[in-house]
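**Q** generate a structure from the sequence data that follows.
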Amino acid sequence: MTRDGNGRILAERAIGPNNAPKARSSKARAARSVTVNLAESPLGWLFSRQLVTRRQFDAGEQLRSDWERAQLAPRITMAWDAAPVSGRRGGSGSDVDLGGAQIDAKRRFQSAIDAAGPGLSDILWRVVCSGEGMREAESALGWPARAGKLVLTLALDRIADYYRIR
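**A** From the prediction side, this is the model:
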């Protein structure tokens, strides 16, 4: 079962160090690519059913890419990093050394969330980054059923403007 705008759920995505993965046609292949199930995320599910546009989907994917690159997700396993070394007794070491790409991604993510606005950032984070379904996000925010999709599309339009996606 494969569906998108052309009746497909599976799509080829280029993998590259310079940019976020972008959907590609099945005929043209990048040097490195991966097949992605477009319905594996709540945003992909909405896109595969044509409930969000390609522009909104790409904006959401860019936001999620920045969120993942900034490593803003909570840790769910043990940190196996070396114990911090401190010059003083009983204290912890210095703060974590963040890489430039991670800092830039965190800045872009925060700027995009700010561009969406305070009323729209909640649904963006829940559906796009956290991967909550629309029903779970609506109930967590105390919204009526089917209100989340409208608010999510407005938020995605705002971040598409921020990321300059046409």
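
**Q** tell me how many other residues crowd the spatially closest residue to W143 that is not a sequence neighbour.
**A** Leaving out its chain neighbours, the residue that sits closest to W143 by CB to CB, 6 or more residues apart in numbering is V151, at 7.6 Å. C-beta coordinates here come from the backbone N, C-alpha and C atoms, glycine included. The burial count assigned to V151 is 19, neighbours taken as other CB atoms under 10 Å.

**Q** residue contacts, V151?
**A** The neighbourhood of V151, defined by CB atoms under 8 Å, 6 or more residues apart in numbering, consists of 119-120, 123, 143.

**Q** could you check the helix or strand hosting it and say which residues are buried?
**A** Take DSSP states H and E as the rule and V151 turns out to sit in helix 147-162. Judged by neighbour count (16 or more other CB atoms under 10 Å), helix 147-162 contains these buried residues: 148-149, 151-160, 162.

**Q** can you give me the strands for the protein?
**A** Listed in chain order, the strands found in the chain under DSSP state E are 10-14, 23-24, 33-37.

**Q** can you pull the pLDDT of R75?
**A** pLDDT for R75: 70.

**Q** show the average pLDDT along the helix holding V151.
**A** 96.

**Q** CA atoms only for that helix, dumped as PDB, please.
**A** Presented in PDB, the C-alpha positions along helix 147-162 are these (Å, rounded to 0.1, in the frame of the first residue of the first chain):
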ATOM      1  CA  ALA A 147      -9.500  21.800  16.300                       C
ATOM      2  CA  GLY A 148      -5.900  20.800  16.300                       C
ATOM      3  CA  LYS A 149      -5.700  20.200  12.500                       C
ATOM      4  CA  LEU A 150      -6.700  23.800  11.800                       C
ATOM      5  CA  VAL A 151      -4.300  25.300  14.400                       C
ATOM      6  CA  LEU A 152      -1.500  23.000  13.200                       C
ATOM      7  CA  THR A 153      -1.900  24.100   9.600                       C
ATOM      8  CA  LEU A 154      -1.800  27.800  10.600                       C
ATOM      9  CA  ALA A 155       1.400  27.000  12.700                       C
ATOM     10  CA  LEU A 156       3.000  25.100   9.800                       C
ATOM     11  CA  ASP A 157       2.200  28.100   7.400                       C
ATOM     12  CA  ARG A 158       4.000  30.400   9.800                       C
ATOM     13  CA  ILE A 159       7.100  28.300  10.100                       C
ATOM     14  CA  ALA A 160       7.100  27.700   6.300                       C
ATOM     15  CA  ASP A 161       7.400  31.500   6.000                       C
ATOM     16  CA  TYR A 162      10.200  31.500   8.600                       C
END
